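> sequence plus predicted model, see below.
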Amino acid sequence: ESACGYSCSGGLMTAPDTCAATACGDGKLAGNEACDDGNVASGDGCSSICTKEGGWNCTHTVCGQTSCHEVCGNDIKTPSESCDDGDTFTGDGCSAACTVECGYTCTSNAADADVCTPTCGNAVKTDDEACDDGNTADNDGCSSTCTEEEGYTCAESHSCSSSTCSEVCGDGKHVGDEACDDGNTSSGDGCSAQCAVETACGYSCSGASLTAPDTCAATACGDGKLAGNEACDDGNVASGDGCSSICTKEGGWNCTHTVCGQTSCHEVCGNDIKTPSESCDDGDTFTGDGCSAACTVECGYTCTSNAADADVCTPTCGNAVKTDDEACDDGNTADGDGCNSTCGTESGWNCTTTDCGQTTCVEVCGNSFQTPGEGCDDGNTAAGDGCSNVCTEECGFDCNAAEPQVCASECGDGIRAIDEDCDDRNTANGDGCSSSCTREVGWDCPNADCEQTSCHEVCGNGIKTPGESCDDGNT
């Protein structure tokens with residue numbers, strides 16, 4: 001069986017042949033060879049004397065060359081294996097391919113499996129470590145034994161990388177670079193959502209530990225920083241400016257502020273609440289009702305404050321200041337002067353007023369209303385109708401009490417009116433001035449307005465009058 005690596009010799013009719021394998025390393029498994037991989041080198045699974053080496057799995061065909069490969073996980077570390085811990089699990093330091101996993105150190109033991117342990121502080125987190133930040137210092141999030149410290153969270157960017165640890169803001173544990181930790185991530189309570197003390201908002205924080213959160217409190221009312229339970233903070237502790245001495249809003253003011261900023265308050269006119277700089281507040285911003293749109297008392301009014309309600313403003317008639325509620329105000333409460341006792345205008349007068357000033361009233365002649373200073377008013381300003389253009393009765397006339405007045409002359413009263421030819425103080429005919437106060441023919445009646453007429457006969461005018469015996473038209 002030369003194909004199987006044998007040679008035979010010494011055979012006789014009386015003795016058999018002796019056959020032996022040709023040589024170890026010829027690549028032909030024969031004789032007492034446990035393997036033959038075609039070489040006499042050790043460390044490849046088949047030794048230099050063709051015996052199987054531990055940690056290898058060798059196979060061959062009949063009379064063929066042996067093929068050996070390493071067996072990972074059998075407790076025997078072969079030359080091409082970095083480690084062999086007796087299993088093919090990952091995450092225990094020696095991988096399923098018998099390579100040392102990142103972050104581990106494996107120690108070979110000829111009699112037993114390799115022992116693999118993580119190295120804390122080498123900047124490579126292993127499955128046996130909670131974290132590894134590249135050092136063995138405490139109080140940085142990852143402890144000297146590679147465990148996560150309270151108040152921190154640690155993460156890796158990828159496998160076999162270093163851990164990055166950061167403080168957990170809002171967990172009530174004040175650690176690391178946190179200036180405070182009040183157990184929440186709300187801003188505006190003294191410790192911000194980033195665990196910074198809101199000093200700009202007037203807070204200070206203290207008292208934190210790994211078991212208790214910080215307690216934050218506003219520094220003081222009046223520091224100009226709105227904080228804590230303050231409804232306002234205008235930078236002082238004075239009351240009467242919208243923000244009281246205990247930093248509460250005062251009625252009648254509107255207060256605004258920026259985040260953590262100083263409060264600015266201004267008075268609100270028209271809200272029923274009279275504030276120090278307001279003269280009045282009647283609950284509206286209308287003008288002409290006594291309290292103006294700027295909450296100042298309007299001329300001519302008196303406003304009465306009422307702490308429980310709006311101010312009540314009333315005009316004062318007769319104070320020489322006309323208000324919108326008054327038709328006039330001439331500085332008195334007398335009737336008959338154009339502006340009456342209740343500050344209403346009287347008929348027959350024309351009244352004018354300057355802003356916030358006294359009313360001046362004058363009688364209007366010819367408007368059909370007789371006022372105290374007029375002798376008459378017949379509804380016009382024409383002369384010669386009994387009531388003159390200045391509303392005085394013309395001589396010889398008598399005006400009645402109607403509106404407008406009607407004026408008529410009285411014939412025979414001895415006063416020649418403008419609508420009479422004559423008036424000789426009687427109503428007899430035949431004396432030159434007739435019963436209707438017309439001049440009779442043949443008489444000469446010299447006239448003067450507003451005087452009694454005296455008539456005399458004219459001789460020679462061809463008209464015989466009662467006192468003439470004759471009249472031939474000449475003298």
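Alright, I've got the coordinates.
> doesn't residue 443 make contact with residue 454?
No: at 10.3 Å, residue 454 and residue 443 do not qualify as touching, with contact defined as CB atoms under 8 Å. Just so you know, the C-beta spots here come from the backbone N, C-alpha and C atoms, and that holds for glycine as well.
> those two: who's more crowded?
Each of residue 454 and residue 443 had its neighbours counted (other CB atoms under 10 Å), and the higher figure belongs to residue 443 (22 against 16).
> apart from its chain neighbours, what residue comes closest to that one?
For residue 443, the nearest residue in space outside its immediate sequence neighbours is residue 432; the separation is 3.4 Å by CB to CB, 6 or more residues apart in numbering.
> ok, that neighbour - contacts?
Taking CB atoms under 8 Å, 6 or more residues apart in numbering as the definition of contact, the neighbours of residue 432 are 422, 424, 439-440, 443-445, 453, 455-457.
> switch to 10 Å and redo it
Residue 432 makes contact with 422, 424, 439-445, 453-458, 465-467, according to CB atoms under 10 Å, 6 or more residues apart in numbering.
> next: residue 371.
If a contact means CB under 10 Å, 6+ apart, then residue 371 has 336-338, 346-349, 361-365, 377, 391 as its contacts.
> mind checking which of those are in strands?
Among the contacts of residue 371, the residues falling in strands (DSSP state E) are 349, 361-363.
> greatest separation within those residues: which pair is it?
The largest distance within those, taken as CB to CB, falls between 361 and 363 and amounts to 8.0 Å.
> which residues are in contact with both of those two?
When CB under 10 Å, 6+ apart defines a contact, the residues bordering residue 361 and residue 363 alike are 337-338, 346, 348-350, 371.
> list only buried entries from the residues you listed.
The neighbour-count criterion (16 or more other CB atoms under 10 Å) marks 337-338, 346, 348-349, 371 among the shared contacts of residue 361 and residue 363 as buried.
> name the residues contacting each of residue 454 and residue 443.
Shared between the contact lists of residue 454 and residue 443 (criterion: CB under 10 Å, 6+ apart) are residues 422, 431-433.
> who wins on neighbours among these?
Neighbour counts for the shared contacts of residue 454 and residue 443, by other CB under 10 Å, peak at residue 433, which reaches 30 neighbours.
> show me what it is bridged to.
Beta-bridge partners recorded for residue 433 (DSSP bridges): residue 439.
> hang on, it packs against residue 445?
Yes: contact status for residue 433 versus residue 445: in contact at 6.0 Å, counting by CB atoms under 10 Å.
> shared neighbours, those two?
By CB under 10 Å, 6+ apart, residue 433 and residue 445 have these common neighbours: 416, 421-424, 439, 453-455.
> how about CSV for those residues, with secondary structure and distance to residue 26 added?
Output for the shared contacts of residue 433 and residue 445, formatted as CSV (DSSP: H, G, I helix; E, B strand; the rest coil; distance: CB to CB, whole Å):
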residue, secondary structure, distance to residue 26
416, coil, 184
421, coil, 186
422, coil, 189
423, coil, 187
424, coil, 193
439, strand, 191
453, coil, 190
454, coil, 195
455, coil, 195
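> list buried residues within the residues you listed.
When neighbours are counted using 16+ other CB under 10 Å, those contain these buried positions: 416, 422-424, 439, 453-455.
> and which of these is nearest to residue 325?
Ranked by distance to residue 325 (CB to CB), these are led by residue 416 at 53.4 Å.
> of all the contacts of residue 371, which comes closest to residue 84?
Of all those, residue 84 sits closest to residue 361, with 126.7 Å by CB to CB.
> contacting residues around the closest residue to the closest one other than its chain neighbours?
In space, and not counting its chain neighbours, residue 361 is closest to residue 338: 2.4 Å by CB to CB, 6+ apart. With contacts defined as CB under 10 Å, 6+ apart, the neighbours of residue 338 are 328, 330, 345-351, 359-364, 371-373.
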